[in-house]
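Trainee: predicted model follows, preceded by the sequence.
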Amino acid sequence: MKTDEEIPTVLFEWTDELAAWIEAEALRAGFDAASVAPIPESDSELGKLQAARISEWIEAGRAGEMEYLKRTDENGLLLRSGVRAAFPWARSVLVCTWNYNASSPASTEPVSGSGWIARYAWMGRQLENGEIVPTDYHDELLGRLRALEAAIRKRAPSDTRCYVDTGPIVERTVAVQAGLGWIGKNTCLINQQLGSWLLLGVIVTSIPVAAAAYPQLAADRCGSCTRCLDACPTQALIAPRQMDASRCISYLTIEKKGSILEELRQPMGRQVFGCDICQEVCPWNRRAPISARQQTRQRPELVNPALSWLASLDNTEFRRNFKGSPLERTRRKRLHRNVAIAMGNSRDSGFLPQLKTWSEGEDEILAETARWAIRQINEEAENSAVNQVGDDAVGSLFLPTE
Ligand code: B12
Ligand code: SF4
Ligand code: SF4
């Protein structure tokens, strides 16, 4: 890693003209919006504020078991506390947004017997023969970022790094600094025109931004709305713009290994991979444009997927359906744990045979979760039997007497 002293004399700056050029290149590469953000000095007011936000969040235990968010350098400095903590040579970030909005039903419109997979994971790549194969946004975005990176290096030789998710960067914070939107109360980046169904890709560069080319920050347009806070089933949004990720269904279904806390299982509803609720209820997504991308298509089988189909997948079928997709990392076992919870929450006795099989299997986490799900379904059946008896009793009171 280069230190400040090793950074070559600055030959280029992001002037209005150079920034406009790369932003146009990004649109040509298939992104929906792009902008260059200056990186604040670590000891500036903004640098300190950003560092404090993430450190306080981590210290409060909000990151759950996501150890990669807690990584520090050799001096114990949190790598995500600011872009310069990880890359002392960094002076700017090109932030690109990728719209993945689809004209599909919402998770808040339940379909009987189905689970919910977050819409960012519906993506498939259409082959020339029309077949749609699984794909992952990381790969889709990274390919395009690398092409842009090569263009930057050719026109303005500099140090650069491309990332989608995996870099030591809080991408939404740099997106705000690039003027691409504001942080909604649901903690998502919202763009006034594009809404929040946006994925982010970044290129860190050593090119400073000329003062005259600083982007204008977007105004916060959440106003008095609190729909996302009210709709979150697990109360993961503990305050506006503050998430306890350890309660977020997205974390629980995707990142959390092992058993899920019982008190959080029922609120998880039918979500089996990720969660879209706090964005679905957001008024700024009502008129969000639908992605018109040709190469990537939504895979219809992943919209309201049948729980029985997901449960039936063995390792080979899981790989066939999800190799190359974001679900691959979660693996079959964890997906089945989530499916068992969704089955329990459905209160549908038709799932009992599958749950019974899992409850007797060797995977202890799945077996315990399946036993919990069986109890949910049986409790429901008992309650309706009691109600039935109650109804009959009430009914008999009113039976006409001879
Ligand atoms: C860890 C992680 C998660 C965790 C934690 C989420 C969280 N809120 O922190 C979990 C697993 C829960 C998660 C869920 C989701 N994620 Co996620 N996730 C990440 C990841 C890898 C790191 C985020 C991070 O550092 N979090 C730590 C907290 C402290 O950071 P933060 O919420 O981003 O908050 C910062 C800002 O909000 C800012 N801030 C707070 N208040 C204010 C106020 C003002 C005025 C300003 C300027 C800034 C500001 O300061 C905070 C700290 O620096 C990023 C990629 C990346 N490298 O950044 C993707 C990322 C944030 N995730 C993304 C997505 C798509 C999702 C899901 C929609 C997936 C899904 N459908 O299930 C959900 C959305 C849940 C939600 N409401 O946020 C996108 C977000 C795009 C967008 N439009 O916002 C990202 C950027 C990935 C990408 N490459 O596109 N995710
Ligand atoms: S993604 Fe779901 S669980 Fe997480 S904060 Fe949003 S509504 Fe709550
Ligand atoms: S639902 Fe309302 S409060 Fe939440 S992010 Fe959208 S506009 Fe902001």
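Mentor: Perfect, I can see it now. Ligands and ions are numbered 1, 2, ... in the order given.
Trainee: touching ligand 1 at all, stretch 158-165?
Mentor: Yes - Stretch 158-165 is in contact with ligand 1 by CB under 6 Å from any ligand atom, via Val164, Asp165. For the C-beta atoms, the positions are set from N, CA and C on the backbone; glycine is no exception.
Trainee: tell me how far that stretch lies from the chain's centre.
Mentor: 20 Å (CA atoms, centre = their mean, to the nearest Å).
Trainee: also stretch 306-313?
Mentor: 23 Å.
Trainee: before we move on, what about stretch 246-263?
Mentor: 14 Å.
Trainee: list the contacts of that stretch.
Mentor: 61-66, 118, 233-236, 245, 264, 267-269, 271-275, 277, 326, 329-330, 334, 337-338, 341, 365, 368-369, 372 (CB atoms under 8 Å, 6 or more residues apart in numbering).
Trainee: let's see that with 6 Å instead.
Mentor: 64, 66, 234, 236, 245, 268, 271, 273-275, 330, 338, 365 (CB atoms under 6 Å, 6 or more residues apart in numbering).
Trainee: which ones among those residues are found in helices?
Mentor: Thr330, Asn338, Ile365 (DSSP state H).
Trainee: what separates Thr205 from Leu198, distance-wise?
Mentor: 21 Å (CB to CB, to the nearest Å).
Trainee: and the protein, which residues reach ligand 2?
Mentor: So the chain meets ligand 2 at Asn186, Cys232, Thr234, Ala236, Leu237, Met243, Cys248, Ile249, Ser250, Cys275, Ile277, Cys278 (CB under 6 Å from any ligand atom).
Trainee: need the ones in helices among the contacts of stretch 246-263 in a markdown table with distance to Ala106 and pLDDT, can you?
Mentor: Shown next, in a markdown table, are those (distance: CB to CB, whole Å; pLDDT from 0 to 100):
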| residue | distance to Ala106 | pLDDT |
| --- | --- | --- |
| Thr330 | 22 | 94 |
| Asn338 | 19 | 98 |
| Ile365 | 30 | 98 |
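Trainee: quick check, nearest of these to ligand 3?
Mentor: Nearest to ligand 3 among the ones in helices among the contacts of stretch 246-263: Asn338, at 25.1 Å, using CB to the nearest ligand atom.
Trainee: count the neighbours of the closest residue to the closest one other than its chain neighbours for me.
Mentor: Nearest residue to Asn338 in three dimensions, chain neighbours excluded: Val272, at 4.2 Å (CB to CB, 6 or more residues apart in numbering). Val272 has 29 neighbours, counted by other CB atoms under 10 Å.
Trainee: same deal with Ala102?
Mentor: Residues lying near Ala102 (other CB under 10 Å) number 16.
Trainee: quick one, phi/psi of it?
Mentor: phi -130, psi 150 (degrees, to the nearest 10).
Trainee: surely it meets Gln298?
Mentor: Yes - using CB atoms under 6 Å, Ala102 is in contact with Gln298, at 4.8 Å.
Trainee: returning to that earlier point: from the ones in helices among the contacts of stretch 246-263, pick the one nearest Gly223.
Mentor: Using CB to CB, Asn338 comes nearest to Gly223 of the ones in helices among the contacts of stretch 246-263, at 34.7 Å.
Trainee: next up, the contacts around the closest residue to Tyr163 other than its chain neighbours.
Mentor: Nearest non-adjacent residue to Tyr163, counting by CB to CB, 6+ apart: Val202, 5.3 Å away. Val202 is in contact with Val93, Val95, Tyr163, Glu171, counting by CB under 6 Å, 6+ apart.
Trainee: just the buried members of those?
Mentor: Val93, Val95, Tyr163, Glu171 (16 or more other CB atoms under 10 Å).
Trainee: of all those, which comes closest to ligand 2?
Mentor: Nearest to ligand 2 among these is Glu171, at 16.5 Å by CB to the nearest ligand atom.
Trainee: so what's the nearest residue to the closest one once chain neighbours are set aside bridging to?
Mentor: Nearest residue to Glu171, sequence neighbours excluded (CB to CB, 6+ apart): Leu200, at 4.5 Å. Bridge pairing for Leu200 (DSSP bridges) gives the partners Thr97.
Trainee: since that was my last question, I'll sign off now.
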